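Enquirer: next input, structure requested:
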Amino acid sequence: QVQVVESGGGLVQAGASLRLSCAASGRTFTRLHMAWFRQAPGKEREFVAGVGWTATATYYADSVKGRFTISRDNAKNTVYLQMNSLKPEDTAVYYCAADDANWINYFSSVPWTYWGQGTQVTVSS
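Expert: Prediction:
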């Protein structure tokens, strides 16, 4: 069983930055695919960013490319989402996901096994 805990959400103005953190435990961290998803009120959960075991492979939704950066620190069992130039449309609950499969479709929420409780990000205009 893998435990996933997010932190770092908050209320910011448009154009500001936030960094989300996600700590995972219960499994060798270097064997975990990690990703961030978000869900706005009345909308489906959507992929934001993902990172492979060694952090050499990263994936982003088109809506956040160039503004968000995902990274991982395998020594700290933590993955980060640096969010710059935030927009009101980035407002959502952000969820961290983890999975220990050999391969995973990062862009779909369906295959991910382990989820955090979510952290709220609110961007005011």
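
Enquirer: read off the pLDDT value for residue 102.
Expert: Residue 102 carries a pLDDT value of 86.

Enquirer: name the SS class of it, please.
Expert: Following DSSP: H, G, I helix; E, B strand; the rest coil, we place residue 102 in the coil state.

Enquirer: residue 32 versus that one, what's the distance?
Expert: Distance of residue 102 to residue 32, computed by C-beta to C-beta, to the nearest Å: 12 Å. C-beta coordinates here come from the backbone N, C-alpha and C atoms, glycine included.

Enquirer: just the element for the residue nearest to the spatial centre of the chain, please.
Expert: The centroid of the chain falls nearest to residue 36 when counting by C-alpha atoms, centre = their mean (2.0 Å). Assessed by DSSP states H and E, residue 36 sits inside strand 33-39.

Enquirer: parallel or antiparallel, list what pairs with the helix or strand just after that strand.
Expert: Going down the chain from strand 33-39, the next helix or strand is strand 46-51, by DSSP H and E. In the sheet, strand 46-51 lines up against strand 33-39 (antiparallel), strand 58-60 (antiparallel) (DSSP bridges).

Enquirer: strand 46-51: how far from the chain's middle?
Expert: Relative to its parent chain, strand 46-51 has a centroid offset of 6 Å by C-alpha atoms, centre = their mean, to the nearest Å.

Enquirer: so residue 49 is in contact with residue 71, correct?
Expert: No. Counting by C-beta atoms under 8 Å, residue 49 sits too far from residue 71 to count as a contact (9.6 Å).

Enquirer: show me which of these two is the more surrounded one.
Expert: More crowded of residue 49 and residue 71, by other C-beta atoms under 10 Å: residue 49, with 24 against 15.

Enquirer: look up the closest residue to the residue of the chain positioned farthest from its centre, ignoring the ones flanking it.
Expert: In the chain, the residue that sits farthest from the middle, by C-alpha atoms, centre = their mean, is residue 125; the gap is 22.8 Å. Excluding its sequence neighbours, the residue lying closest to residue 125 (C-beta to C-beta, 6 or more residues apart in numbering) is residue 88, at 4.7 Å.
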